[in-house]
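Chemist: with the input below, show me the fold.
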Amino acid sequence: MASVPPVSAAKLYRPNRFVSLPAELNPDTYDTSPEKRRAELERLAIRSRLKRQYQLQLNNPSPPAVIENPALIRWAYAKSQNVYPTFRPTPRTSVLGAAYVLGPLLFWICVLKTARDRKEKCIQEGKYKRPLSVFS
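Modeler: Alright, predicted model coming up:
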């Protein structure tokens, strides 16, 4: 009699409500649909074509002055022109921006106002002798 091979742990495993399914056993990670596989193959083909084009430009015996790398151009555009993905105005950033702009301004206004009031009070009490100067 031929013995039956043992059943693998993956076949025996059944997820329950307390433990989630491990990534190795999740069908979404290994069992892709044909259209998903086709899209991955198209992306791979585009990447390989771009890589080949860049390698041909790089290894050309008479290369052009500037070799354009499309990925680098996209990165530079995203970094300089397209600001929205890297900064999103939220209430928190608005409050922080106002604090950074108005905070130092209000601080120095208060410092200069209290120094001026203290000097004025000393002048009125006669404790401060004003020097004869054009600038003070």
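Chemist: care to break the protein down by domain?
Modeler: What the TED database lists as the domains of the chain is 20-87, 89-128.
Chemist: for Phe135, find the nearest of the ones you listed.
Modeler: Among the domains of the chain, domain 89-128 comes nearest to Phe135, with 14.2 Å by C-beta to C-beta. In short, each C-beta sits where N, CA and C put it, glycine included.
Chemist: quick one: the helices in this protein?
Modeler: 9-12, 27-30, 34-58, 70-80, 91-125 (DSSP state H).
Chemist: just the mean pLDDT for the second one, thanks.
Modeler: The one in question is helix 27-30. Average pLDDT, helix 27-30: 67.
Chemist: on that earlier part again, may I see the domains of the chain organised as a markdown table, with mean neighbour count and distance to Val7 added?
Modeler: Below are these laid out as a markdown table (neighbours: other C-beta atoms under 10 Å; distance: least, C-beta to C-beta, whole Å):
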| stretch | mean neighbour count | distance to Val7 |
| --- | --- | --- |
| domain 20-87 | 10 | 14 |
| domain 89-128 | 10 | 53 |
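Chemist: can you put the ones you listed in JSON lines and add distance to Ser3?
Modeler: Below are the domains of the chain laid out as JSON lines (distance: least, C-beta to C-beta, whole Å):
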{"stretch": "domain 20-87", "distance to Ser3": "26"}
{"stretch": "domain 89-128", "distance to Ser3": "65"}
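Chemist: need the helices of the chain in a markdown table (columns: distance to Phe18).
Modeler: Conversion of those to a markdown table gives the following (distance: least, C-beta to C-beta, whole Å):
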| stretch | distance to Phe18 |
| --- | --- |
| helix 9-12 | 17 |
| helix 27-30 | 20 |
| helix 34-58 | 30 |
| helix 70-80 | 42 |
| helix 91-125 | 36 |
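Chemist: how much space separates Lys129 from Lys119?
Modeler: According to C-beta to C-beta, to the nearest Å, Lys129 stands 12 Å off from Lys119.
Chemist: got it, and Phe135?
Modeler: 14 Å.
Chemist: wait, Cys122 sits on Arg130?
Modeler: No. Counting by C-beta atoms under 8 Å, Arg130 is not a contact partner of Cys122; they are 9.7 Å apart.
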